[in-house]
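Novice: Return atomic coordinates for the entry below.
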Amino acid sequence: EQFKGAAIVYRIGDTFLRRFDMDRHSFHHQTNMYYPFANLGDWEMANFLLQSNLSMREIDNYLSLSMTKKMPLSFWTAKELRGRIEDLPKGPCWKIRIVPTHHPTTSPVELYWRDPLECIEALFNHPFYAGKMDYSPFRVFTAAGRIMRVYSEWMSSDGAWELQVKVPAGSTLCGVILSSDKTNITNVCGGKVAHPLLISLANIRMNVRNKASSHAFLLTALMPIVEFIHPVPRIRSVLEVRLFHACLDLILEPLKKAAQLGRMMADPLGNIRFCFTPLVAYIVDTPEACMLACVRGKTSPVTKATGVSHPFWRNWPLSDPHRFLTPECLHHWHRMSWDHDVKWCRRALGAGELDFRFSLLPPITGLRQFKSGITKLKQVGGRTQRDVQRYLVVVIAGAAHPNVVAAVRALMDFRYLAQAPAITEEGRENIAAALAEFHRYKHAIINGGLRRGDQSGLVLEHWEIPKLELLQSVVPSIPQVGSVLQWSADTTEHAHIEVVKDPASRTNNKDYSAQICRHLDRVEKCRMFDTAVRLRGTTEAGFSSSAIERDEDRSDGEVGYAVDDADEAGAAVLNDLWAPKQSSSNYFDIAAKHVASTALSSFPLRTFTRGSTAFHLNLRPSLRRLSVDSAAEKFAIPDLRSALGDYLALHSCHGRRIRPFGRTRQSAQDTPLPFEYLQIWYKVRIQQRDYHDRTSTASTYTIHAEPPNGHWKYGRYDAAILRVDEGHDWPDSGLTGHAVVEVRLIMRPRPPRGTNVTWANRFLVYVRRLDIINVELAMHLPVLKRAVRASGSYFGDVFPLDQISSFAHVVPRFGETADKRLTYMNACHASQSFYLNRHFDKDFFYATNR
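Specialist: Residues are numbered from 1 along each chain as shown. As a prediction, this is how the structure comes out:
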């Protein structure tokens with residue numbers, strides 16, 4: 001449901017390319033689009049040198065080489081090169097101002113900043129974001145009955161809808177996102193600190209905005225860091241906070257005026273819209289949130305905000321701290337799990353036992369393995385904190401008190417559920433229920449003496465934890481701001497590297513702020529010029545430049561454009577410039593290309609899909625030719641021949657239908673087979689569709705099925721989810737209609753030469769079933785046990801590889817104390833009972849959270 005009468009287009013204005021054509025050098029661009037450079041090669045060399053880490057002296061040395069002098073360049077010194085860059089079209093310009101103070105400081109208060117409204121206009125008009133922005137509020141429902149809401153993008157929230165009601169009819173909301181945090185720019189003795197203020201646009205969809213390669217967060221100011229001269233430390237702190245608000249007041253004044261009066265701005269297609277700029281999110285950590293809300297000590301900046309004389313937000317229309325101080329995943333949730341959850345577990349098990357159990361975990365390819373445990377880790381960042389969360393519940397299971405496990409597990413469920421990119425009303429209820437469950441079991445943490453002061457070591461019998469109180473605001477905030485995941489500081493922390501730390505590393509270690517601003521100015525000029533000339537190249541090739549990509553927004557009065565070759569060419573140029581340079585493999589796309597380009601062959605494709613799962617095998621098998629009996633001996637599968645016999649018998653009757661698990665063995669151990677040799681792979685990569693967005697791909701996991709070797713004495717065999725019921729699909733059905741299995745062999749029968757049989761065109765797996773015997777209430781984790789036949793042998797069978805739906809992580813049940821003889825290489829082999837780890841991956845958690 002769209003908000004009617006919003007985001008009207010009033011006229012056609014300037015696109016990114018039209019602005020480029022109106023540059024003061026537009027006359028020269030008619031004959032040489034690369035002016036002030038001679039040609040494409042000249043510009044590419046200049047762009048390469050300026051984007052490199054070379055100093056001016058090193059650039060001069062390079063340009064003085066005899067080989068370089070043979071090149072037809074238009075510049076021969078670094079100074080001349082930088083002079084030419086100054087002639088390129090400009091973006092928002094940097095300014096410096098000395099901010100007066102009523103109290104003395106150790107140094108002048110220098111504020112480097114640029115107009116934040118110009119930054120918003122630059123983002124709003126940028127061609128890369130065409131088709132990637134929302135212009136009017138909308139409501140999404142799970143069904144046509146419009147009973148259950150779905151909250152995802154900011155524009156899908158009630159907060160955006162309510163703001164749209166308050167602005168004039170036909171206007172467009174441009175939600176402003178700010179972020180600030182102090183960051184070190186040097187790590188040596190006397191290290192320098194910067195305080196960047198970043199700005200972005202909430203209209204840009206979260207899957208684009210939160211990618212660092214999209215450059216959706218711009219540096220709009222370097223906040224001054226000064227020391228006031230006063231004998232009382234508390235007074236110095238108050239003066240610093242007042243200075244911070246005063247500087248924000250100065251910087252953000254243009255946005256406040258636009259929020260009150262509106263501003264005509266052009267979107268990526270050149271459509272002129274009447275825009276208002278409320279502050280909808282300020283992404284900060286807890287101390288800075290308290291500073292923004294003008295509170296101190298261990299209080300919540302959301303629930304206990306108090307008025308002060310001149311907070312920066314006091315005169316910003318449509319903006320309120322109880323809304324724009326959104327929940328933040330990185331500092332509020334992940335940091336809390338490390339600062340509190342891990343400490344509770346450490347005291348419950350002891351540091352030695354906790355580390356040992358972490359070291360026994362079966363490794364997952366692509367994820368961190370904690371071979372030495374976690375208690376001695378230094379400089380733990382957000383990625384490590386999330387990796388610890390993947391395993392914490394299964395590690396303490398069976399050793400800590402059940403109620404302690406339940407409390408930790410409830411908090412983990414809360415974090416995972418609240419990180420969903422799309423949250424329904426039912427999802428909100430589940431999030432609230434998880435938090436309520438923690439409060440129901442939290443008494444066990446204090447009763448067990450697990451919550452103690454870091455300095456005193458005494459048991460704390462209260463729950464005065466600001467981050468814990470902030471969790472109470474998550475559920476109420478979802479209707480107001482949409483999915484909380486989009487307000488994580490992960491993206492802004494990474495942006496600090498690009499806009500502050502990297503530029504600082506290229507300075508002469510003097511006057512950092514000025515040199516950072518000059519460097520960013522040059523980089524942005526190069527980036528804009530490169531975008532313009534490459535887009536102009538598509539125009540000269542015969543494409544229209546009036547539209548870069550069709551915008552799928554359906555707001556009233558919008559001018560539509562048809563998708564044509566120009567759109568595709570422009571989009572390809574922009575993706576090449578702005579998309580990630582090293583994106584992960586998309587096996588769904590690869591499989592689709594193979595199917596479209598490959599004729600039917602007796603050799604099955606190594607990359608293929610079934611349902612929501614894609615599979616990828618190496619082109620060459622690990623073992624190209626191994627007899628069935630030798631494979632049975634090498635992989636310790638005594639019933640391999642009979643299992644293959646049963647598979648062939650069922651295949652001849654049922655073809656490609658889903659095979660069930662649990663049939664009585666029909667074939668004898670020496671049953672004859674129509675083939676004698678197998679091709680064997682030691683691993684297969686599994687990729688799934690994203691649980692909440694089936695057009696996107698999720699993480700890729702590797703399932704290993706390796707025989708014993710020098711490193712893995714008992715072999716390495718990973719677990720998987722196997723589909724065994726035709727009527728249930730992964731992930732919608734969860735574990736219903738599926739079995740947890742241990743993959744023991746990945747193979748393909750080799751038919752005799754000159755024969756062409758259908759059973760040879762499928763990859764097969766031999767798996768052993770792990771039965772779910774119960775679900776322990778404290779952990780909500782399925783307990784698994786190796787299935788055995790009446791004869792006492794393990795229950796295994798052969799299935800088509802494409803019946804596997806997902807990778808699974810199973811962890812041995814260690815009991816109260818893990819056996820000291822265990823290692824991560826033998827723990828699974830020595831265990832008969834396991835836990836199915838639901839937290840190793842968020843998409844797996846969502847699928848099994850039923």
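
Novice: Next SSE downstream of the lowest-mean-pLDDT helix or strand in the chain?
Specialist: Within the chain, confidence by mean pLDDT, DSSP states H and E is lowest for helix 565-578 among all helices and strands, at a mean of 67. Using DSSP states H and E, the helix or strand that follows helix 565-578 in sequence is helix 587-597.

Novice: Show me what secondary structure element comes after that following helix.
Specialist: strand 607-610.

Novice: Paired strands for that next one, with orientation please.
Specialist: Applying DSSP bridges, strand 607-610 is found paired with strand 613-616 (antiparallel).

Novice: tell me which residues in the partner strand are buried?
Specialist: Neighbour-count burial for strand 613-616, counted by 16 or more other Cβ atoms under 10 Å, picks out Thr613, Ala614, Phe615, His616. For glycine as for every other residue, the C-beta is placed from the backbone atoms N, C-alpha and C.

Novice: How about stretch 780-800?
Specialist: For stretch 780-800, by 16+ other Cβ under 10 Å, it's 780-785, 787, 794-800.

Novice: Which residue ranges of the stretch 401-550 of the chain form helices?
Specialist: 402-418, 425-441, 443-447, 466-470, 474-481, 490-496, 502-505, 512-540 (DSSP state H, counting those that start in this stretch).

Novice: Can I get these in JSON lines including mean pLDDT?
Specialist: Listed next are those as JSON lines, based on pLDDT from 0 to 100:
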{"stretch": "helix 402-418", "mean pLDDT": "96"}
{"stretch": "helix 425-441", "mean pLDDT": "96"}
{"stretch": "helix 443-447", "mean pLDDT": "95"}
{"stretch": "helix 466-470", "mean pLDDT": "90"}
{"stretch": "helix 474-481", "mean pLDDT": "95"}
{"stretch": "helix 490-496", "mean pLDDT": "92"}
{"stretch": "helix 502-505", "mean pLDDT": "88"}
{"stretch": "helix 512-540", "mean pLDDT": "87"}
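
Novice: Now render these as a markdown table, adding distance to Asn271.
Specialist: Formatted as a markdown table, the helices of the stretch 401-550 of the chain follow (distance: least, Cβ to Cβ, whole Å):
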| stretch | distance to Asn271 |
| --- | --- |
| helix 402-418 | 36 |
| helix 425-441 | 34 |
| helix 443-447 | 56 |
| helix 466-470 | 39 |
| helix 474-481 | 26 |
| helix 490-496 | 27 |
| helix 502-505 | 34 |
| helix 512-540 | 18 |
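
Novice: Just send these back as a markdown table, with mean neighbour count too.
Specialist: Shown next, in a markdown table, are the helices of the stretch 401-550 of the chain (neighbours: other Cβ atoms under 10 Å):
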| stretch | mean neighbour count |
| --- | --- |
| helix 402-418 | 23 |
| helix 425-441 | 17 |
| helix 443-447 | 17 |
| helix 466-470 | 19 |
| helix 474-481 | 21 |
| helix 490-496 | 20 |
| helix 502-505 | 18 |
| helix 512-540 | 18 |
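
Novice: Nearest to Ser200 among these would be which one?
Specialist: helix 490-496 (8.5 Å; Cβ to Cβ).

Novice: Next, work out how far apart Arg236 and Met291 are.
Specialist: 14 Å (Cβ to Cβ, to the nearest Å).

Novice: hang on, Ser699 in a strand?
Specialist: Yes: the assignment for Ser699 is a strand, going by DSSP: H, G, I helix; E, B strand; the rest coil.

Novice: Please name the nearest non-neighbouring residue to it.
Specialist: Spatially, and ignoring its direct neighbours in sequence, Ser699 is nearest to Asp841 (6.4 Å; Cβ to Cβ, 6 or more residues apart in numbering).

Novice: One more: Arg205?
Specialist: Nearest to Arg205 is Lys132, by Cβ to Cβ, 6+ apart, at 5.4 Å.

Novice: Count the residues that sit near the one you found.
Specialist: 19 (other Cβ atoms under 10 Å).

Novice: I figured it hits Val208, correct?
Specialist: Yes: in terms of Cβ atoms under 8 Å, Lys132 counts as a neighbour of Val208; the distance is 4.7 Å.

Novice: In stretch 233-247, which residues are buried?
Specialist: Arg236, Leu239, Glu240, Val241, Arg242, Leu243, Phe244, His245, Ala246, Cys247.

Novice: Nearest to Arg383 among those residues?
Specialist: Nearest to Arg383 among those, with distances taken as Cβ to Cβ, is Phe244, at 29.3 Å.

Novice: did I read that right, that closest one in a helix?
Specialist: Yes: per three-state DSSP, Phe244 lies within a helix segment.

Novice: if I look at Leu250, how far off is Gln679?
Specialist: Distance from Leu250 to Gln679, by Cβ to Cβ: 70 Å.

Novice: who has more neighbours, the two?
Specialist: Gln679 (19 against 14).

Novice: For the helix or strand where the more buried one lies, name the packing helices and strands.
Specialist: Taking DSSP H and E as the criterion, Gln679 maps to strand 677-681. Strand 677-681 is packed against strand 623-627, helix 628-634, strand 738-750, with contacts defined by 3 or more Cβ pairs under 8 Å, 6 or more residues apart in numbering; DSSP states H and E.

Novice: Any chance you could list what contacts the second one?
Specialist: Helix 628-634 is touched from outside by 623, 626, 637-641, 644, 673, 675-678, 680, 707, 745, 747, with contacts defined as Cβ atoms under 8 Å, 6 or more residues apart in numbering.

Novice: ok, now the first one?
Specialist: Contacts made with strand 623-627 from outside it, assessed by Cβ under 8 Å, 6+ apart, are listed as Ala631, Lys634, Glu676, Tyr677, Leu678, Gln679, Ile680, Arg750.

Novice: List the beta-bridge partners for Leu623.
Specialist: Counting by DSSP bridges, the residues bridging with Leu623 are Ile680.

Novice: Excluding sequence neighbours, find me the nearest residue to His310.
Specialist: His245 (6.1 Å).

Novice: Can you check the pLDDT for Arg550?
Specialist: The score at Arg550 is 41. That number is its pLDDT.

Novice: Also Pro421?
Specialist: 95.

Novice: ditto for the one 3 residues further on
Specialist: The score at Thr424 is 94. That number is its pLDDT.

Novice: Could you do Ser300 as well?
Specialist: Looking at Ser300, the pLDDT reads 53.

Novice: and Ser64, how many neighbours?
Specialist: 11.

Novice: Okay, it and Asn39: tell me how far apart.
Specialist: Taken as Cβ to Cβ, the span from Ser64 to Asn39 is 22 Å.

Novice: tell me which element the nearest residue to Ser214 once chain neighbours are set aside falls in.
Specialist: Excluding its sequence neighbours, the residue lying closest to Ser214 (Cβ to Cβ, 6+ apart) is Val208, at 5.2 Å. In this structure, Val208 sits in helix 206-209 according to DSSP H and E.
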